[in-house]
Every structure is written in structure tokens, then in C-alpha cells.
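Engineer: could you look at this predicted model? Sequence included:
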Amino acid sequence: MEHNNRINRLSSTLVLLSKGQELSTPSLVERFGVTKKIIQTDFKEYLLPLFSDGKIFYDYSSKTYKAKNNFLTKTLFSADELAVISILKNKSKDKYSDEDLSLKVDVLFEKFEDELSNRLYQKSSVEKIDNFKDEIIQIKNAIESRSIIQCTYNKKDREVYPLKILNLEGYWYLIVFEPQDKKIKTFHLNTIKKIEVLNANYKFDKEIVKTFDNAITAYYKPENEPITVELFIDATVSRYFLRKPLNPTQRVIKKYDDGSLELEIIITDLMEIIPTIQRYIPHIGVITPDELKIEVKKNFETYFKRFEL
């Protein structure tokens, strides 16, 4: 890396600070092979103005620059992007710049970050993320860097590999691998507490993670044998299944003249599909497998027995 390049140098410095390292001017001079004045300029004119909230600061007692640990995991921008922003903000204050360009640049980036935060992972009719937006950003960054996280879930302290964020039936979930019992698990994002991103990376099969694109509900279990399901869909509701397939494995195996359909879909657990079937009865029927027919029948028998008119 060309450390005499300001963008690369600023980016590297941000990464070191985020990892909790205390950086003295002489140590940075030696690391990057530049003058003391350049390092001082990096902080005074670029990095410190970028974080007016005190995330980065100079400790006069130890004569080092410090920062809040893992602060990069709690921003939507990467270290490289922050370096570019700091340079743009600095250039906007140049005496040759338009007199109000500086203010406009500041407003632009504040507005951009706020807007991106508000829209992150949002779509209509889903669980709002307002109360755990920071956690989502933190976890998203951990996924991208393949960093192990510590957290509390269901009143238990855990150390897990964060694999994928998914919205299933309107709720936000984090797919994790817990090495302690070597199982893939689905955590409801809003109930994950005390998240800490560790300075340790994990390795995990990307192909297994990709299979979660087929998940319909939180009952998806990639370790199970696939189950092929065939359904009859009445013409009354068939357009909904054509408009939005239940998962990527869904395919039409037969079309009737009246608009009814027979569909095939592959699942990993009967509970993945049972809520959908029960939602659309009497306009849907199970063709195969028999065990799915039996489970749906049991559910209705239990319901009518408990709430008999």
C-alpha cells in the first residue's frame, strides 16, 4: 500500500484506531515514512474534524491519538470512504472554494448518513428497525469483515459467527453459527443484546449461507434433508403465488384452464410451509407429501376441538 497517499494513510490510521491502538506521532512517522508535520496535518485538518463527537481524540497525558474501540463497526461508511469524505470536507474549506460550499458539504453528508440509516433494510409491512438500527449496522459490518461477535441472546452469553441478515414473514433475523454446539441458528435481531465485535475472524462455507435465500420462515434448517412439496392452488389465489414465489425453488408443474395451479417447492422443515397453507385454506391443498397432509389435519382437529362451537 502506498502510505504516502493521503487516502490510504488516513484509511489505515482509522482502522488502527478502531482496533483500539494508541498511536503516537513518532510511531506513525515510522510506519508511513512521512514527516511529523504530515501526520499532525492528517489529524488536525482531516481526521479530528471528521469526528466532532469525540470518537477520535488526542490524549495529552500519553501523547497519543485514541478512539472508541470498534467505532468503525458502528458507521455505515468504510475506512476508505471516511478517508475520502475527510478530504472532500477539507477541500470544501479551502480559501479558493465557494464561500458556502463547506456548509453544504457538511449538510450533505449528515443528510446522507441519516437517510441511509433510516432506509437501511426497510421495506413496507415489516418490523421497524428504529430501536435496533445501530445493532443492524454493527452486525452488517461484522458479516462483511467475517468477524466473530459476542452477544447475549435468550439470557445466555454467546460467541457466534454472524452469517446473514434476513427478513422472514416481516421480522428481522440474524443467521448465526454457534461453534460451541456446532449448529446454525436463527436469532431474532431485536432481541440480541450486548453485541461486541471481536478482533477475530471466522471461516464458513459460503454455499451453506447462500441456501438461506430459500428460507420461507425462521424454521429453515439447512442441515435437514430437503422435502419436496406439491400443492394445489385454487384460481382465486393463484396470482399471489405467481406474483411472489414462496422461495426460489418454486415451480409450476401444471396449469389448469380456470387459472388453478399445481406447484412444487422444496423446503427443509414442514413448519416452513404449514403457516402458508393454513393462511390460504380453503383455496389451497396438499398433494404430497402425506406427512404434511397429516400435520395440517392435526392442527385443524386440535383447533376445532379446543374452540368447538
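Structural biologist: Good, I have the coordinates.

Engineer: from now on I want contacts and neighbour counts done on CA atoms only, so please keep to that.
Structural biologist: Noted.

Engineer: ok, residue 48 - contacts?
Structural biologist: Residues near residue 48 by Cα atoms under 8 Å, 6 or more residues apart in numbering: 56-57.

Engineer: for it, helix, strand, or coil?
Structural biologist: helix (DSSP: H, G, I helix; E, B strand; the rest coil).

Engineer: what residues does stretch 199-209 touch?
Structural biologist: Contacts to stretch 199-209, defined as Cα under 8 Å, 6+ apart, come from residues 19, 145-148, 161, 163-164, 222.

Engineer: straight-line length of that stretch, end to end?
Structural biologist: Counting by Cα to Cα, to the nearest Å, you get 22 Å between the two ends of stretch 199-209.

Engineer: same question for it, mean pLDDT?
Structural biologist: Computed over stretch 199-209, the mean pLDDT rounds to 92.

Engineer: how about it: buried residues?
Structural biologist: Along stretch 199-209, not one residue counts as buried under the neighbour rule (16 or more other Cα atoms under 10 Å).

Engineer: quick revisit: for PyMOL, what selects the buried ones among the contacts of stretch 199-209?
Structural biologist: Typed into PyMOL, the next command selects the buried ones out of the contacts of stretch 199-209 (criterion: 16+ other Cα under 10 Å):
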select buried, resi 19+146+147+148+161+163+164+222
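
Engineer: rank the contacts of stretch 199-209 by pLDDT and give me only the lowest.
Structural biologist: Lowest pLDDT among the contacts of stretch 199-209: residue 19, 87.

Engineer: these two touch, right, it and residue 73?
Structural biologist: No: taking contacts as Cα atoms under 8 Å, residue 19 lies outside contact range of residue 73: 10.2 Å.

Engineer: next one: residue 216 from residue 266, what distance?
Structural biologist: Applying Cα to Cα to residue 216 and residue 266 gives a distance of 10 Å.

Engineer: which among the contacts of stretch 199-209 gets closest to residue 45?
Structural biologist: Using Cα to Cα, residue 19 is the member of the contacts of stretch 199-209 that lies nearest residue 45, at 22.1 Å.

Engineer: pop out the phi and psi values for the closest one.
Structural biologist: phi -80, psi 0 (degrees, to the nearest 10).

Engineer: that one: what's it in contact with?
Structural biologist: Contacts of residue 19 (Cα under 8 Å, 6+ apart): 69-70, 199.

Engineer: quick one: which of these is nearest residue 184?
Structural biologist: Residue 184 lies nearest to residue 199 out of the contacts of residue 19, by Cα to Cα, at 21.6 Å.

Engineer: so which strand or helix has that closest one?
Structural biologist: Counting by DSSP states H and E, the element that carries residue 199 is strand 193-201.
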